[in-house]
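Q: for reference, the sequence and a predicted model appear below.
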Amino acid sequence: MYSFLVIIVTIFFGGLLAFLGDRVGMKVGKKRLSIFGLRPKYTSMIITVLTGFFIAGLTLMVLMLMSEYVRTAVFRLTIIQDELQNAVKRVDTLTKQINEKEAEIKEKDIQIEQKIEEILNKEIEYNKLQAERQKVEKDLEVTSKQLVEAKRQFKQAEAALTVTKNELEIKQNRVLTLTSLRDELESQVTSLKSQEERYLQEIKHLQSEKIRMENEIVDISSKPIQFIVGEILVDKVVSSTVNTETAFNNIIQPILQEANEIAMKRGGRIPGKSNYALRVSERKIAEICVQITELKTKAVLRVLVEKNSVIGEPVIVTLELLPNQLIFKKGEVITEAEVTGDTLESDLRNRMLIMLLLAYNKAITEGIVRDGHNLEMVPIQEVARMINEIKADKDSKFKICLIADEDIYRINQLKVHFELRKI
């Protein structure tokens, strides 16, 4: 609607100025005026031309005053075209960067799939070894049964040979027949003996193989367990990152390096590697990186032992990301214990110390970060005052409660105090 109004006003002013120019030209022509010594005819033409210039200029001014698009087209068109070209170049650059990042992500996915395939192949090889071991044990059992049967047949053959000899002495007329029979039996005995020797060699081989496997099992079982499933090697407070690559480089890799140093100091090793002891799922690392980028608040990242392991073996770990949440409300009783006034002072101190340790372990189980300073110790004066109050009333029973001073979140310090309640 506004554009139509601009067109109508422009047409109106153009017509009005044309009319006025025509009237001025007619009056100049009638009065036969002259400027710069020119003839009236040329003077009238000059005035008409100037009127046309004025009409065009005034029309352009009216359009610029009434329309911002006209002002932009007259004064900023070249600038806008340059800005458009620069924007197109930036879009091309960003598109190229996006394509490069997508290629990197595809390459990472291929590497992860290769790692998963390697792990699956290792598991298949392990299962094959187990199956071979079971097969060897079954073969050993079958061979043992065959040996027993061979010994039985050998005894039967010896008995038959003895009977044959007796018959030879009794029946001289069948000497040739018995001799041939004896030779045949002796050949059978020889065959059985050779078969027995072969079975004995197989048994020795299988027994040595069994002893070797048992020694390997005993060697593994005799080593002390250094890492227990569920043990926390490292935990840190982390924040969200812009992308998964930053999350891995700035958060995951440093915390895994710290956990690896702890594992190496305690005897963890990967065969063939002298400077690394951890085994962690590539898929789990990728999953945690994505979770870190999606964080809305701070969180606690833990490196946990996934399986029991012994000295000299790899330490299998996993990652756990716990969002910052409330674990204890202000005034909540974390732990409590009942005592009497005749309890020894040393027992009371030990009981209160155990309560502090129980609260600390409970907070760790709930996900509070361990930084060495997250447990605010209760002042010794408060402990002494409470012990004196208990000892002053030896005939009464009391309940010692360990209470949260304030709302405690996973990334906060564990601030507690003791409270004595008479039963």
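A: It's in.

Q: Val303 against Ala259, yeah?
A: Yes. Assessed by Cβ atoms under 8 Å, Val303 is found in contact with Ala259 at 4.2 Å. (C-beta placed from N, C-alpha, C; glycine too.)

Q: quickly list what's touching both of those two.
A: Contact criterion Cβ atoms under 8 Å, 6 or more residues apart in numbering; residues shared by Val303 and Ala259: 233-234, 317.

Q: so which of those residues belong to strands?
A: 233-234, 317 (DSSP state E).

Q: out of the residues you listed, who's nearest Asn121?
A: Val317 (21.5 Å; Cβ to Cβ).

Q: can you report how many residues neighbour the closest one?
A: Val317 has 28 neighbouring residues, counting by other Cβ atoms under 10 Å.

Q: try Thr143
A: Neighbours of Thr143 using other Cβ under 10 Å come to 17.

Q: show me which positions of the helix or strand harbouring Arg351 end up buried.
A: Element membership for Arg351 (DSSP states H and E) is helix 345-366. By 16 or more other Cβ atoms under 10 Å, the buried positions in helix 345-366 come out as 348, 352, 355-356, 359-360, 362-364.

Q: got the contact list for it?
A: Helix 345-366 has contacts (Cβ under 8 Å, 6+ apart) with 232, 327-328, 334-337, 339, 343, 370, 374-375, 377-378, 383, 386-387, 390-391, 400, 402, 408, 410, 414, 416, 418.

Q: generate a ChimeraX selection restricted to the buried subset of those residues.
A: If you want just the buried ones from the contacts of helix 345-366 in ChimeraX, going by 16+ other Cβ under 10 Å, the selection is:
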select :327,328,334,335,339,343,370,374,375,378,383,386,387,390,400,402,408,410,414,416,418
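
Q: from the contacts of helix 345-366, which ones fall inside helices?
A: 383, 386-387, 390-391 (DSSP state H).

Q: can I get these in CSV with pLDDT and distance to Leu322?
A: Formatted as CSV, the ones in helices among the contacts of helix 345-366 follow (pLDDT from 0 to 100; distance: Cβ to Cβ, whole Å):
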residue, pLDDT, distance to Leu322
Val383, 83, 32
Met386, 86, 34
Ile387, 86, 37
Ile390, 85, 38
Lys391, 85, 42
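
Q: show me where this protein has its strands.
A: Using DSSP E, the strands of the chain run over 225-227, 232-238, 278-279, 299-305, 309-310, 315-323, 326-328, 333-340, 375-376, 397-404, 408-409, 414-422.

Q: between those strands, which one is nearest to Thr93?
A: Among these, strand 232-238 comes nearest to Thr93, with 31.8 Å by Cβ to Cβ.

Q: run through the neighbouring helices and strands of the closest one.
A: helix 253-265, strand 299-305 (3 or more Cβ pairs under 8 Å, 6 or more residues apart in numbering; DSSP states H and E).

Q: how far does it sit from the chain's center?
A: 13 Å (Cα atoms, centre = their mean, to the nearest Å).

Q: run through the residues that contact the residue nearest the centre of the chain.
A: Nearest to the mean C-alpha position of the chain, counting by Cα atoms, centre = their mean, stands Ile285 at 2.5 Å. Ile285 is in contact with 248, 252, 319, counting by Cβ under 8 Å, 6+ apart.
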